[in-house]
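S.K.: Structure for this input, please:
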Amino acid sequence: MPTGPRLGPKPLAFAQFSKLVRQPIGQMPPYTVKSLPDKDLADIYAFLQSLPAPPEASSIAVLR
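M.R.: Numbering: from 1, shown residues only. Okay, the predicted model is just below:
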């Protein structure tokens, strides 16, 4: 059951990310430009892009 959009690694394109934040679906309230300026939104997106990919599940002994 999906719980939300993929934020990282390889998150959504910025336009999709921005739309989900500004015009969310479901119960999340919208973050307007007044409460979250475009520069801050872009910084959050850049941070999410910088996160490394997690290890493959097959490389984690307890998951094998």
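S.K.: pLDDT at K19, what is it?
M.R.: Note for K19: predicted pLDDT of 94.
S.K.: no wait, M28
M.R.: pLDDT, M28: 86.
S.K.: now it: how far from A42?
M.R.: Separation of M28 from A42 (Cβ to Cβ, to the nearest Å): 19 Å. No exception for glycine: its C-beta is placed from N, CA and C like everyone else's.
S.K.: Of those two, which one has the most company?
M.R.: Neighbours per residue (other Cβ atoms under 10 Å) separate M28 from A42, with A42 holding more: 13 against 10.
S.K.: quick check, distance from stretch 42-60 to the centre of its chain.
M.R.: Centroid separation for stretch 42-60 versus its chain: 10 Å, with Cα atoms, centre = their mean, to the nearest Å.
S.K.: please renumber so the chain begins at 31
M.R.: Okay, using 31 as the starting number, the last item reads as stretch 72-90.
S.K.: end-to-end on it?
M.R.: Stretch 72-90 stretches 33 Å from its first residue to its last (Cα to Cα, to the nearest Å).
S.K.: Which elements pack onto the helix ranked longest in the chain?
M.R.: Longest helix in the chain, counting residues (DSSP state H): helix 68-80. When contacts are defined as 3 or more Cβ pairs under 8 Å, 6 or more residues apart in numbering; DSSP states H and E, helix 68-80 packs onto helix 44-52.
S.K.: No more questions from me, cheers.
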